[in-house]
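Engineer: Build the 3D model from these lines:
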Amino acid sequence: MSPETVPEEHRNAWISHLVPFVAWIFIMGLLGDPAGWKYAVRTYVCLALFLYLKPWTWNYPRLNPRNILPAIGVGLFVFAFWVFPQTDFFARFETAHRFYMTFGVLMPWELTPPLERVRYAPDMEGWFFALTRLGGSAFVIAIIEEFFWRGWLYRWVQKEDFLSVDPGIFERKAFWITAVMFASIHNEWFVGLLCGLVYGYYYIRTRDIWAVSIAHVVTNLVLGLYVLASGKWEFWA
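Structural biologist: Down below sits the predicted model:
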């Protein structure tokens, strides 16, 4: 489909879906190491953009209350398999653990940062920045990502006029492209791929962008609480 055949208002919808996420990536590249105040800048700037552009106003139904509990379950499930490969229990299986640490992450050396590079630890950055990291990952970027990956990219790969695409229809190419690209921005690319597949399937199954957003929020929130409680800062690297 050529751009001329896409309704003007639908082209404007691209802006509201893309800008908050692109701004997040751009600010990350501009500021570098996102610890402390840098992550706070990303969080508050992108939250302001998301609230100003209101991508949820583009032909999305309201949250179906029946999807809330399943969404929480999906989020907890994703959290479980996200951290499992780096648990002491999994480390007992030396061959599998070595294989994952060698091939399952993009930058395995960042999973064990030296003390001076620990990010967001309250005793080093303060509780304000630690809690900003928690809130930003759970309630800001998680929702921004869902509108970008599932709300826009999955449907845009199928048709340029993405708002005319029914998200409940499974399209293999778009499904895998979205999941692989989602995985590519995470250091733990293998579990990131599984995460993208689960979220993608859940969105197709429910057609509910808010339900999959809740799942993503739960994953990031519980992961953040786990990091703060256990001191496994590598998950926030």
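
Engineer: now the worst-scoring helix or strand of the chain on mean pLDDT, how far from the centre of its chain.
Structural biologist: Ranked by mean pLDDT, DSSP states H and E, the weakest helix or strand in the chain is helix 94-103, scoring a mean of 77. Relative to the mean C-alpha coordinate of its chain, helix 94-103 is positioned 24 Å out (CA atoms, centre = their mean, to the nearest Å).

Engineer: So which elements touch it?
Structural biologist: For helix 94-103, the packing partners by 3 or more CB pairs under 8 Å, 6 or more residues apart in numbering; DSSP states H and E come out as helix 88-91. No exception for glycine: its C-beta is placed from N, CA and C like everyone else's.

Engineer: Pull the helix it packs on out as PDB, backbone CA atoms only.
Structural biologist: The C-alpha coordinates for helix 88-91 follow below in PDB (Å, rounded to 0.1, in the frame of the first residue of the first chain):
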ATOM      1  CA  ASP A  88      21.500 -21.000  41.500                       C
ATOM      2  CA  PHE A  89      19.200 -23.900  40.800                       C
ATOM      3  CA  PHE A  90      19.700 -23.700  37.000                       C
ATOM      4  CA  ALA A  91      23.400 -23.200  37.600                       C
END
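
Engineer: for that helix, packing partners?
Structural biologist: helix 94-103.

Engineer: Quick check: next helix or strand after the helix it packs on?
Structural biologist: For helix 94-103, the succeeding helix or strand toward the C-terminus, using DSSP states H and E, is helix 122-125.

Engineer: can you give me the mean pLDDT across that next one?
Structural biologist: Average pLDDT, helix 122-125: 85.

Engineer: Going forward, count from 32.
Structural biologist: Done: numbering now begins at 32, and the last item shifts to helix 153-156.

Engineer: Residues in contact with it: which ones?
Structural biologist: 66, 67, 149, 150, 161, 259 (CB atoms under 8 Å, 6 or more residues apart in numbering).

Engineer: The one helix or strand residue 99 maps to - contacts with which helices or strands?
Structural biologist: Applying DSSP H and E as the criterion places residue 99 in helix 99-114. Helices and strands in packing contact with helix 99-114 are listed as helix 220-237, helix 240-261; criterion 3+ CB pairs under 8 Å, 6+ apart.
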